[in-house]
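In: Dropping the sequence and predicted coords here.
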Amino acid sequence: MIMKIFSLENDIIFKEEYINVLQIQDKKLFTNVINSLNDNINNIEDTKERIIILDNDIEIKIEKEVLMIIDVFNIDFNQKKIQSALYNKIEKIYKQEFERMSEFQTIFQKLQLNVLDVFNEFPFEFNYKESIGIQEYLKLLGLKISNNKGKIIDTVFSLIDVVEYLSVAKLLVFVNLKLYPSDDELNEIYKYAMYKKVNILLIETGEEKEPLENEKILYIDSDYDEIVLYNK
């Protein structure tokens, strides 16, 4: 998978053996890249920076396949993209297992008969649904993914699990993540993402830094010169 930011000479190439970091010294360019990526995610085409992502030479839809985290302290595990993926996953499990689906329908029919007995107490008629879908039931339950806020590293691990297990996105982007965890914690995050085969990109602002283990940095200095730094 390749990300092309058309104002940059170098593409960002995603591979299993390293984690990509886009380090931008100039705040204006940094802001333009973040704003443009965010606009693309929200399906806004008129952006300051043209950005595309190719997967096997086919352009993917950024609004569907990219999840960007700007505030790592307040990750919304129940945003629409994640919750839809969760409900679809559960519904798929039910549809693949005949006995489980049959039991769900039987239980609903029993509940329906119970409610109908109450309806008969009234001197008028009701309209009601004769069946209910799995996703409708999950919404009635108010099913949500728990976000037990603790260490940043644990929260990021949980998000990687969600992205991997639910196939939420092909790319997970963090903005200024490196401000918070220690280098050792970052290394643990990198190893976990690589183990789970989740593509992540860190977009950072600030001065040039030595790359950590398993980290490939595309550094853009204040003159817009590009330097590639890689630590295997």
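Out: Great, that's in hand. Note that the structure is a prediction, hence the values are computed from the model and not measured.

In: how deep is Glu215 tucked in, by neighbour count?
Out: 22 (other CB atoms under 10 Å). To be clear about C-beta, it is placed using only N, CA and C from the backbone, and glycine gets the same treatment.

In: Mind listing the residues bridging to it?
Out: Under DSSP bridges, the beta-bridge partners of Glu215 are Ile19, Asn231.

In: which residue is nearest the centroid of the chain?
Out: Closest to where the C-alpha atoms of the chain average out (CA atoms, centre = their mean) is Leu67, at 3.7 Å.

In: neighbouring contacts of the helix or strand hosting that residue?
Out: Taking DSSP states H and E as the criterion, Leu67 maps to strand 66-69. Strand 66-69 has contacts (CB atoms under 8 Å, 6 or more residues apart in numbering) with 37-38, 40-41, 53, 75, 81-82, 159, 163, 168-175, 177.

In: switch to 10 Å and redo it
Out: With contact meaning CB atoms under 10 Å, 6 or more residues apart in numbering, strand 66-69 is reached by 3, 34, 37-38, 40-41, 51, 53, 60, 62, 75-76, 79, 81-82, 155-156, 159, 162-163, 168-177, 199-201, 203.

In: do stretch 110-118 as well
Out: Under the contact criterion CB under 10 Å, 6+ apart, stretch 110-118 has outside partners Phe126, Tyr128, Lys129, Glu130, Ser131, Ile132.

In: For these, which entry has the maximal number of neighbours?
Out: That'd be Ile132 among the contacts of stretch 110-118, by other CB under 10 Å, with 14 neighbours.
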